[in-house]
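In: Okay, sequence plus prediction incoming.
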Amino acid sequence: MTTANPTTRDDSSNPLLEPWTGEYGLPPFAAVRAEHFAPAFEAATRAHLAEIDAIAASAEPPGFANTVGALDRAGRLLDRISSLFHNLTSSETSPALQAVEREMAPLLAAHHSRVYMHRGLFARIDALHARRQELGLGDEQLRVLERYHTDFVRAGARLDGPAQKRYAEVMQRLADLTTRFGQNVLADESGFHLELKDDADLAGLPDFVRAAARQAASERGIAAVGVITLSRSHVVPFLTFSERRDLREQAWRAWTSRGEHPGPSDNRGIAAEILALRLEQARLHGYASYADYALADTMAGTQEAVTSLLMQVWRPATARAAAERAALEALALSRGESATIEPWDWRFYAEKVRQVRYALDEAEVKPYFPLERITEAAFDCASRLFGLSFVARPEIAVYHPDVKVYEVRGAGGKAIGLFLHDNFARPTKRSGAWMSSYRVQSKTGGSRGDAPVLPIIVNNNNFAKGAPGEPTLLSFDDARTLFHEFGHGLHGLLSNVTYERLSGTSVLRDFVELPSQLFEHWLEEPEVLKRHARHHLTGQPIPDALVEKLHAARHFNQGYETVRYTASALVDMAAHARTDKAVDDVVAFERAELERIGLPPGVGLNHRLTHFQHLFSGSGYAAGYYVYLWAEVLDADGFEAFVEAGNPFDAAVAQRLFRFIYSSGNSMEPGAAYRAFRGRAPTPEPMLKQRGLVEETTA
Ligand SMILES: [Zn+2]
């Protein structure tokens, strides 16, 4: 990806519009420049609209194939350009791409509205939907018809003319604001680093944190003994180990004030306007709040169901956090230090308590978790569960030299897709970890619409890269993140449905974290650890004693973690549940809400509203941060099926898991898919047990 030469504006030489002849239809990364996107989007949206017009104008009466099937195949040119664009703006962006992103976001939202408010097309879908039981459709056909019908209704297809016009304006403005929100967070992240000037600034830091800080300084050309960036893989270890309370406070304040600084990257007004527009969006649909609108198309269904689940963990978790805090205070006092635990102190003292209580030292664990081995571990689990193999294809160049490319082969040895593993933090990449795709699986490729389309899936992590010649060592948490994203990746790779609309991860959003969170369980299996967690220098497997310590410590600090997560989820729900007017001042609103629910002191939040990208950088998790806990009920209960079978790789259970969860995409109603896998509905007890919160709730 380069960004020079702004003169290319000629469609005929635009690589985005030419056939992509590389293997798997991968984009021609090396030829693509930022200025290719605007004209390509222009041409691709025009082509998509022409396809939609043609479906609507058909002289044939509406049938499944000429309406739903045709709609599902329409817009493939736009799909591939959008996928490339969104992947690049997330993983390898540039000022030129960011400018295109700001320019295109409202235009793409307008295009989306034109398609989903298309009177002629919706009339055909609506007519089919009304007669859906008489059409003789198969299960998957019925499901895709219902999903499209819901999509159209939820995008405003049924609104009258003036309401549709306003709705489209609201969606365009939201697209603009959510784009800027994400860009602002990235600006605050890449604009800050904490310089460690001398040995005194390194006090308490183990070798791996020093090495990462040194590496980050040299990558940025900064003459210091190290720098701490706002990447999670930097800042969390720093807060955990640094003896320098003053520096911890600086790092913590910078990390938690992203998006809250006056100036061009200020997200306070943007978040407030997004909330106001979402309330208007919901009202246009006749819902009292955005939360009601968002939850109507989820497994949870209602605010009551969500709040009831969140409160089920909130009460025991706050009690647990109070007990944890008392232990931290005692330890601080024993060191002759302040007994007031501030948010920048919690991780530091928690690590000390952990070392005393479990004799478990993060620096002792990491040498057993080199990135390469843990990647192999994830591949091996996928092999033992689903018969997959992963063949490195180093000769395939993509958008950054650090990205590893693998061909994925199914049980019969046939290629089923391509997997891109993009593991390292860099200033051009947004923070967090996520799965995405360049192309989703379907069986409707080729000119006649009956050829298989193989998925191209990418996993993004933000691990701190090891120094040149040194391995990248993961924390146990990092390793868990790798397994989590790989679980999403498998959901995309194993997808085996006919229609693109039902493919892979395009499920209801409180189901989407099930395949990812479930996959984390295999990392904790002692057998998997013994096989793959090997010391990077000696190759020796992780000692039994260390595995036992990891297990003994798994509920440690869970009060803190659960409170941080649940408070963020409750603030999300409260902000989107407003019915009278939206929030004017998101900082004051957040403070008042945390006071109302009683956030224990010294803990903090997973995400503050001014940088809560789940909610405001796109809308995927708005009124939806609860989905991780919702899915945790499913994943904890689901993994018990393997426990009951007495084998974490039990073939019969794995087969049901493949059939009903990892390969079925959105072709089944999620509750029914889960019951088909498990043989019954889920219960919350395994989740409470998993978090170590059982005693308090039953007491
Ligand atoms: Zn996830």
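Out: It's in.

In: Tell me the buried residues in stretch 288-306?
Out: Neighbour-count burial for stretch 288-306 flags 289-295, 298-300, 303, 305-306 (criterion: 16 or more other Cβ atoms under 10 Å). Bear in mind the C-beta positions are built from the backbone N, C-alpha and C, glycine included.

In: Might you calculate how far stretch 62-79 sits from the centre of the chain?
Out: Computed by Cα atoms, centre = their mean, to the nearest Å, the separation of stretch 62-79 from the middle of its chain amounts to 28 Å.

In: Kindly report the same for stretch 149-168.
Out: Distance, stretch centre to chain centre, for stretch 149-168: 28 Å (Cα atoms, centre = their mean).

In: oh, and call the first residue 32 from now on, that's how I've got it
Out: Got it, the first residue is 32 from now on, which makes the last one we talked about stretch 180-199.

In: May I ask which helix or strand encompasses the residue nearest to Val634 when sequence neighbours are not counted?
Out: Once its chain neighbours are removed from consideration, Val634 has its nearest residue in Val594; the separation is 5.2 Å (Cβ to Cβ, 6 or more residues apart in numbering). In this structure, Val594 sits in helix 589-608 according to DSSP states H and E.

In: quick check: mean pLDDT across that helix?
Out: Mean pLDDT, taken over the full extent of helix 589-608, equals 97.

In: same for it, what does it pack against?
Out: With contacts defined as 3 or more Cβ pairs under 8 Å, 6 or more residues apart in numbering; DSSP states H and E, the secondary structure elements packing on helix 589-608 are helix 299-315, helix 321-326, helix 334-365, helix 617-628, helix 644-647, helix 658-676.

In: OK, contacts around Arg585?
Out: 555, 723 (Cβ atoms under 8 Å, 6 or more residues apart in numbering).

In: What pLDDT is listed against it?
Out: pLDDT for Arg585: 87.

In: I'd assumed Arg314 was in contact with Lys612.
Out: No. With contact taken as Cβ atoms under 8 Å, Lys612 and Arg314 are classed as non-touching, separated by 11.2 Å.

In: okay, those two: which has more neighbours?
Out: When Lys612 is set against Arg314 and neighbours are counted by other Cβ atoms under 10 Å, the residue ahead is Arg314, at 14 against 9.

In: Tell me if I am right that Val439 is in a helix.
Out: No. Secondary structure of Val439, determined by DSSP: H, G, I helix; E, B strand; the rest coil: strand, with no helix assignment.

In: tally of neighbours for the residue nearest to it when sequence neighbours are not counted?
Out: Closest residue to Val439 in three dimensions, ignoring its sequence neighbours and counting by Cβ to Cβ, 6+ apart: Gly448, at 4.8 Å. Gly448 has 26 neighbours, counted by other Cβ under 10 Å.

In: pLDDT on the one helix or strand Gly448 maps to, on average?
Out: When elements are assigned from DSSP H and E, Gly448 belongs to strand 446-455. Averaging pLDDT along strand 446-455 yields 98.

In: name the helices or strands packed onto the helix or strand where Ala409 lies?
Out: Counting by DSSP H and E, the element that carries Ala409 is helix 402-417. In this structure, helix 402-417 packs against strand 420-423, helix 507-524, helix 545-554, helix 557-563, helix 682-688, with contacts taken as 3+ Cβ pairs under 8 Å, 6+ apart.

In: closest to the ion out of the ones you listed?
Out: The minimum distance between the ion and the helices and strands packed on helix 402-417 falls on helix 545-554, with 4.2 Å, by Cβ to the ion.

In: where does the chain dip in pLDDT?
Out: 32-43, 726-730 (pLDDT under 70).

In: Residues of it that sit close to the ion?
Out: Remark: the part of the chain in contact with the ion comprises 544, 547, using Cβ under 5 Å from the ion.

In: repeat that for 8 Å
Out: 464-466, 515-516, 518-519, 543-544, 547-548, 659 (Cβ under 8 Å from the ion).

In: between those residues, which is nearest Glu700?
Out: Distance ranking of the residues of the chain next to the ion against Glu700, using Cβ to Cβ, places Val543 first at 14.5 Å.

In: Skip the chain neighbours and tell me the closest residue to the residue of the stretch 32-181 of the chain found nearest the ion.
Out: Ranked by Cβ to the ion, the top residue of the stretch 32-181 of the chain for proximity to the ion is Ser121, at 14.5 Å. In this structure, Ser121 finds its nearest non-sequential neighbour in Arg461, 5.3 Å apart by Cβ to Cβ, 6+ apart.

In: Test my guess that the one you found contacts Leu217.
Out: Yes. If you go by Cβ under 8 Å, Arg461 and Leu217 touch, sitting 5.5 Å apart.

In: tell me, what's touching those two both at once?
Out: With contacts taken as Cβ under 8 Å, 6+ apart, the residues that reach both Arg461 and Leu217 are Thr124.

In: Between these two, which has more neighbouring residues?
Out: Higher neighbour count among Arg461 and Leu217: Leu217, with 23 against 20, using other Cβ under 10 Å.

In: Next, the buried residues of the strand holding Gly448.
Out: By 16+ other Cβ under 10 Å, the buried positions in strand 446-455 come out as 447-455.

In: what's next to the host helix or strand of the residue of the stretch 32-181 of the chain closest to the ion, contact-wise?
Out: Under the criterion of DSSP H and E, Ser121 resides in helix 107-122. Contacts of helix 107-122 with the rest of the structure, by Cβ under 8 Å, 6+ apart, involve 32, 47-48, 51, 56, 58, 63, 68, 71-72, 74-76, 78-79, 128-129, 131-132, 135, 139, 142, 430-431, 453, 459-461, 465, 467-470, 489, 491, 531.
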